[in-house]
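Q: what would the 3D arrangement of this be:
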Amino acid sequence: MKTIGTIILVIGIIGVVIFGYQAMQDSESFNFLGMDVAVSSADWTPLIISGIVAVIGAFMASKGRK
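A: Residues are numbered from 1 along each chain as shown. This is a model prediction of the structure:
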């Protein structure tokens with residue numbers, strides 16, 4: 001169980017990094033009255049799911065048999 005949890009944790013972290021980078025690339029910024037305004041058109045669902053998978057993997061890895 002601990003090994004499976006570690007694998008799920010790693011997959012979740014990789015997903016967070018990849019989808020987080022894509023979300024940052026999908027945002028546009030412009031200047032309005034001297035302020036830099038960022039508008040995001042990213043789909044946040046894959047990033048949220050990857051974060052949940054990482055948390056579940058961390059929980060499984062910590063509760064595994066020793």
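Q: buried set for the strand or helix carrying M24?
A: Here M24, judged by DSSP states H and E, is contained in helix 2-25. By 16 or more other CB atoms under 10 Å, the buried positions in helix 2-25 come out as G5, T6, I8, L9, G12, I13, G15, V16, F19, G20, A23. Bear in mind the C-beta positions are built from the backbone N, C-alpha and C, glycine included.
Q: which residues touch that helix?
A: 40, 42-44, 46-47, 49-66 (CB atoms under 8 Å, 6 or more residues apart in numbering).
Q: right, and the helix or strand after that helix?
A: Next along from helix 2-25, by DSSP H and E: strand 27-32.
Q: for that next one, name the packing helices and strands.
A: strand 35-40 (3 or more CB pairs under 8 Å, 6 or more residues apart in numbering; DSSP states H and E).
Q: low pLDDT regions in the chain?
A: By pLDDT under 70, the low-scoring segments of the chain are 64-66.
Q: nearest the geometric middle of it, what residue?
A: What sits nearest the mean C-alpha location of the chain, by CA atoms, centre = their mean, is V16, with 2.4 Å.
Q: and the gap between that residue and A58?
A: From V16 across to A58, the span is 12 Å (CB to CB, to the nearest Å).
Q: got it, and I11?
A: In terms of CB to CB, I11 sits 12 Å off from A58.
Q: assign A58 to helix, strand or coil.
A: helix (DSSP: H, G, I helix; E, B strand; the rest coil).
Q: next up, the contacts around it.
A: Here A58 is in contact with G5, L9 (CB under 8 Å, 6+ apart).
Q: ok, S40 next?
A: A23, D26, S27, E28.
Q: try it again at 7 Å.
A: A23, D26, S27 (CB atoms under 7 Å, 6 or more residues apart in numbering).
Q: export those to JSON lines and tack on distance to M1?
A: Below are the contacts of S40 laid out as JSON lines (distance: CB to CB, whole Å):
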{"residue": "A23", "distance to M1": "32"}
{"residue": "D26", "distance to M1": "37"}
{"residue": "S27", "distance to M1": "39"}
